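S.K.: sequence and predicted structure below; questions after.
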Amino acid sequence: MNDLRPNSIEAVILFILYICIQDGRISEEESKELIITAPIIQKMYLHIFGEYIPFDLELMISDMLEELLKERDLASGKNVKKAEKDLFSKLLTDHATQDIALLASRSAAGADGLHRNENRKYQYWSEKWVD
């Protein structure tokens, strides 16, 4: 995860998966919602940053999920740990990118009903990233 560029689409996808996995799994509904939401993420990213590099989205999601699962400290828990704070504070620094990540994560995580741990982590970042 150290090779992820700050404010990249990969960083946004990692954050979305991070929120979705807080109930201990990523459901089929969440996966489907992430795929449905992806073109919106791409369009918003293109609009904000003026550049978009095409990629195989499903492969990227799979790769980011694999990376996330390696980091047990990020996979679940009701409190935001130091590792989470450090990682996402470095990966998502731009306000517009933070907004995209929050919007998409709320949509994807809510696809199967927003679990209290998902909501708790979402609320933490939402409050931290307020303008």
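M.R.: That came through, no problem.

S.K.: where in this structure is the helix or strand with the lowest mean pLDDT?
M.R.: helix 72-75 (a mean of 72; mean pLDDT, DSSP states H and E).

S.K.: tell me the buried residues in it?
M.R.: Leu74 (16 or more other C-beta atoms under 10 Å). In this view, the C-beta of every residue, glycine as well, is placed from N, C-alpha and C.

S.K.: please apply the same query to stretch 90-104.
M.R.: Leu91, Leu92, Thr97, Gln98, Asp99, Ile100, Ala101, Leu102, Leu103, Ala104.

S.K.: quick check, nearest of those residues to Arg120?
M.R.: Leu102 (13.9 Å; C-beta to C-beta).

S.K.: so who does that closest one touch?
M.R.: Neighbour list for Leu102: Tyr122, Trp125, Ser126, Trp129 [criterion: C-beta atoms under 8 Å, 6 or more residues apart in numbering].

S.K.: narrow these to those in helices?
M.R.: The helices, defined by DSSP state H, take in Tyr122, Trp125, Ser126 from those.

S.K.: can you report how many residues lie near the second one?
M.R.: So that's Trp125. 22 (other C-beta atoms under 10 Å).
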